[in-house]
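A.B. asks: 3D, please:
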Amino acid sequence: MQIIKLSSIQISPNYTTHKLASMHKPQYYSEYLELDKIINAQHPVSFEPGHQPAHDEMLFIVIHQAYELWFKQILFELGTVLDILGKPVNDNSPELQLVVHRVQRVNTILRVLVHQVDILETMPAMDFLDFRDMLRPASGFQSWQFKVIEAKLGLKFGHRHGQDYYLSQLNATDLANIKEAEQGPSLLPLLNNWLERMPFLNDKTLWKGFDATCDDSFWDAYEKKYKESLSESEQANAEGFNYVFHGASAEGAQRGLSPAACRSALFIMLYRGYPLLELPFQFLDALLEMDNQLGNWRFRHLNMVRRMIGTRVGTGGSTGAGYLQGALEKHYIFKEISQLTSFLIDRRKLPVLPEAVVELLGYKK
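C.D. replies: Numbers count the residues shown, from 1 in each chain. As a prediction, the model looks like this:
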């Protein structure tokens, strides 16, 4: 029997590709996307027997179905972000780059959600009234996916606006899904943990001789420069500085980010030009943009409701525009990051960092 060595066999470079192609099930566009389910998923109530068809109800359904599909994609992106941040992450790593990329993608989707209001606003108020009463008690408030998004970002039930209404309008299954999300990992505490682990801020050997007038402490030196920069009318900010960065506050105050996390976040903002802090700054900036886009979406929704139904109650029984106004003001998740801009100073007055710290923040030689 002749033994043939594999090394002597000449295999075509395209063999594997052809083999895999022969095993691959051919796909057809509409079947792959299951368009039969999607395109046939619109069933306007006003088109049912006994009703006068309302032309704009089709637009209303398509827009809200599109919203729910985008919500699903946002949850898909956030799932990977939470998985990555749930483990130790280097500040200048491919993992953190992926987190920033995914958060930025979510922000782009949120911009699309805001612009979809433009399409919905092509529906005049009278045309909406043609079918609005047929929707009761259904309401966009009952979108469990959107509430899961808020929960996964870090919004807890205790911080929600209109808690009694919130509980009364959801069925048991949706409420269970949301509460499960609220009890699971969320972005705000994971962000807090990531910021708290910034090591060199507490390494006294790196700051030795930094500022003899401030006991070699960066924060003592920075606080001194910050308070010197305040005008007479801004002196109340000094008390805010103590609360945000040292935890000196009234008993029972609620915080999403600890004083240590806030110190790290401010340091990243102040010295973002150093290579090691470029990516962390992009992450913080992307989170600020996320809150901004969510706020834009709520604001556009609020104005649209005022335009469409004025001061009437929502189809689900809420106060309508009044409820949306309360949620707009209360449901900012990363507000502590945005508030840090109150504590920035002119870059020309920033404390000069010790060489040992500069070396850590720069590219390795």
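
A.B. asks: and the gap between the residue positioned nearest the centre of the chain and residue 154?
C.D. replies: Central residue of the chain (Cα atoms, centre = their mean): residue 290, 4.6 Å from the mean position. For residue 290, the distance to residue 154 equals 11 Å [Cβ to Cβ, to the nearest Å]. Heads up, the C-betas are built off the backbone N, CA and C, glycines and all.

A.B. asks: need the helices for the stretch 51-200 of the chain, in chain order.
C.D. replies: Assigned by DSSP state H, counting those that start in this stretch, the stretch 51-200 of the chain shows helices spanning 57-85, 94-120, 125-129, 144-153, 163-168, 172-183, 187-196.

A.B. asks: Pick out the shakiest of those, pLDDT-wise.
C.D. replies: Note on those: lowest mean pLDDT is at helix 163-168, with a mean of 69.

A.B. asks: number of nearby residues for residue 298?
C.D. replies: 18 (other Cβ atoms under 10 Å).

A.B. asks: Kindly report the same for the one 5 residues further on.
C.D. replies: If you count neighbours by other Cβ under 10 Å, residue 303 ends up with 14.

A.B. asks: The helix or strand hosting it to helix 57-85, inter-axis angle?
C.D. replies: Applying DSSP states H and E as the criterion places residue 303 in helix 275-309. Here the directions of helix 275-309 and helix 57-85 differ by 160 degrees (axes from the mean of the first three to the mean of the last three Cα atoms, to 10 degrees).

A.B. asks: Low-confidence bits of the stretch 151-300 of the chain, can you list those?
C.D. replies: 161-163, 165-166, 211-216, 248-253 (pLDDT under 70).

A.B. asks: hang on, the earlier thing: for residue 290 and residue 154, list the residues in contact with both.
C.D. replies: Jointly contacting residue 290 and residue 154 under the rule Cβ atoms under 8 Å, 6 or more residues apart in numbering are residue 334.

A.B. asks: pLDDT score assigned to residue 22?
C.D. replies: 60.

A.B. asks: Give me the contacts around stretch 69-85.
C.D. replies: With Cβ under 8 Å, 6+ apart, stretch 69-85 has contacts from 95-96, 98-99, 102-103, 105-106, 109-110, 112-113, 143, 145-146, 148-149, 152-153, 185-187, 190-191, 193-194.

A.B. asks: Kindly apply the preceding question to stretch 183-202 instead.
C.D. replies: Residues from elsewhere that reach stretch 183-202 (Cβ under 8 Å, 6+ apart): 78, 81-82, 85-86, 89, 91, 151-154, 206, 218, 256-258, 260-265, 267, 287, 333-334, 357, 360.

A.B. asks: do that again at 7 Å, thanks
C.D. replies: Here stretch 183-202 makes contact (Cβ atoms under 7 Å, 6 or more residues apart in numbering) with 81-82, 85-86, 89, 151-154, 206, 218, 256-258, 260-261, 263-265, 267, 333, 357, 360.

A.B. asks: now do the same end-to-end measure for it.
C.D. replies: For stretch 183-202, the first-to-last residue distance is 32 Å (Cα to Cα, to the nearest Å).

A.B. asks: and what of stretch 223-236?
C.D. replies: End-to-end span of stretch 223-236 (Cα to Cα): 14 Å.

A.B. asks: Among the contacts of stretch 183-202, name the buried ones.
C.D. replies: The neighbour-count test (16 or more other Cβ atoms under 10 Å) applied to these identifies 81-82, 85, 89, 151-154, 206, 218, 256-258, 260-261, 263-265, 267, 333, 357, 360 as buried.

A.B. asks: how much space is there between the residue lying closest to residue 105 once chain neighbours are set aside and residue 152?
C.D. replies: Among residues not flanking residue 105 along the chain, residue 77 sits closest, at 5.8 Å (Cβ to Cβ, 6 or more residues apart in numbering). Distance of residue 77 to residue 152, given as Cβ to Cβ: 10 Å.

A.B. asks: Same check on residue 302?
C.D. replies: 23 Å.

A.B. asks: that older thread, count of residues packed around the residue nearest to residue 105?
C.D. replies: The local packing of residue 77 (other Cβ under 10 Å) involves 16 other residues.

A.B. asks: Equivalent analysis for residue 48, please.
C.D. replies: 10.

A.B. asks: distance of it from residue 126?
C.D. replies: Going from residue 48 to residue 126 by Cβ to Cβ gives 21 Å.

A.B. asks: related to what we said a few turns ago, who are the contact partners of the closest residue to the residue nearest to the centre of the chain other than its chain neighbours?
C.D. replies: Spatially, and ignoring its direct neighbours in sequence, residue 290 is nearest to residue 107 (5.5 Å; Cβ to Cβ, 6+ apart). Contacts for residue 107 (Cβ under 7 Å, 6+ apart) come out as 286, 289-290, 293.
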